[in-house]
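S.K.: Predicted model and sequence follow; I will ask about them next.
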Amino acid sequence: MSRPPQNNYAHTPVGVKICGLTEPAGFDACVTHGADWVGFVFFERSPRFVTPEQAATLSRRTVGGPERVGLFVEPDDALIENTLRHVPLDILQIYATDERARFIRQRFGLPVWLSRPVATQADLPATCPVERILIEPRPPKTATRPGGNAQRLDWSLLQDWQPSYNWMLAGGLNVETVEQAIRTTRAPAVDVSSGVEQAPGIKDPEAIARFIAHARSAGTP
């Protein structure tokens, strides 16, 4: 896989994904303030879980706008098939093995993002088997889900890391921390969920606006 161009903060805005959309106000704020991606969580143990029908209703609120990302945890083909019957997705974000990720990309013909929880520099992937890797903290042993636990990654792990593939930073980001996180890690894109919420699963439109603005400002000298 060829090496993507290095992020030039003077010219390339940092990409922003708002994940875990469940209600109209949050979705509309993402559209209004120019999020690059919106994420729908199709994992029942998440407080941000939506059914394919609920995601479809939200997605229909606007034509175009942010790309729609479906988040799945070790999904079988039937779950993805059923979801796609109801809501057109642009990207599949999954927790699975590299082999399964490649199979899903081939099977459904959509770009795949692979979530990779890390705890040390040794955990950082050397290669990317699909279109993008999300780097996030490894969940605690007591966690009931692999991500979305509002844990903050130790950004110093990524300070001198220069992967040869597209990636995104996730984990514990919020309005107050996102700019520093980007400047420390030089992440080309960021993913937030609980950091822009009023309550679990309920987004704060003002926080979404500020998060996107702060992420964009980190892309200037």
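M.R.: Everything's here; your move.
S.K.: Please make it C-alpha for all contacts and neighbour counts, starting now.
M.R.: Fine.
S.K.: Which helix in the protein has the most residues?
M.R.: Counting residues, the longest helix found in the chain (DSSP state H) is helix 205-217.
S.K.: just checking, what packs against it?
M.R.: strand 15-19, helix 24-32, helix 178-185 (3 or more Cα pairs under 8 Å, 6 or more residues apart in numbering; DSSP states H and E).
S.K.: Including distance to Ile202 and mean neighbour count, could these go into CSV?
M.R.: Shown next, in CSV, are the helices and strands packed on helix 205-217 (distance: least, Cα to Cα, whole Å; neighbours: other Cα atoms under 10 Å):
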stretch, distance to Ile202, mean neighbour count
strand 15-19, 11, 25
helix 24-32, 7, 19
helix 178-185, 20, 20
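S.K.: Could you export the ones you listed as JSON lines, including distance to His86 and mean pLDDT?
M.R.: JSON lines is the format used below for the helices and strands packed on helix 205-217 (distance: least, Cα to Cα, whole Å; pLDDT from 0 to 100):
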{"stretch": "strand 15-19", "distance to His86": "19", "mean pLDDT": "98"}
{"stretch": "helix 24-32", "distance to His86": "18", "mean pLDDT": "98"}
{"stretch": "helix 178-185", "distance to His86": "33", "mean pLDDT": "94"}
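S.K.: Indicate which one of these is closest to Ile80.
M.R.: Of all those, it is strand 15-19 that lies closest to Ile80, at 17.8 Å by Cα to Cα.
S.K.: Tell me where this structure is predicted with low confidence.
M.R.: 1-12, 139-151, 219-221 (pLDDT under 70).
S.K.: what's the helix or strand for Gly39?
M.R.: strand 37-41 (DSSP states H and E).
S.K.: er, Leu173 I mean
M.R.: Per DSSP H and E, there is no helix or strand for Leu173.
S.K.: Take the helices and strands packed on helix 205-217 and write them to JSON lines, including distance to Leu92.
M.R.: As requested, these are exported to JSON lines (distance: least, Cα to Cα, whole Å):
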{"stretch": "strand 15-19", "distance to Leu92": "13"}
{"stretch": "helix 24-32", "distance to Leu92": "18"}
{"stretch": "helix 178-185", "distance to Leu92": "24"}
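S.K.: Show me the one of these that comes nearest Ala78.
M.R.: strand 15-19 (22.7 Å).
S.K.: Listing partners with orientation, what would you give for that closest one?
M.R.: Strand 15-19 has the following sheet partners, assigned by DSSP bridges: strand 37-41 (parallel), strand 189-192 (parallel).
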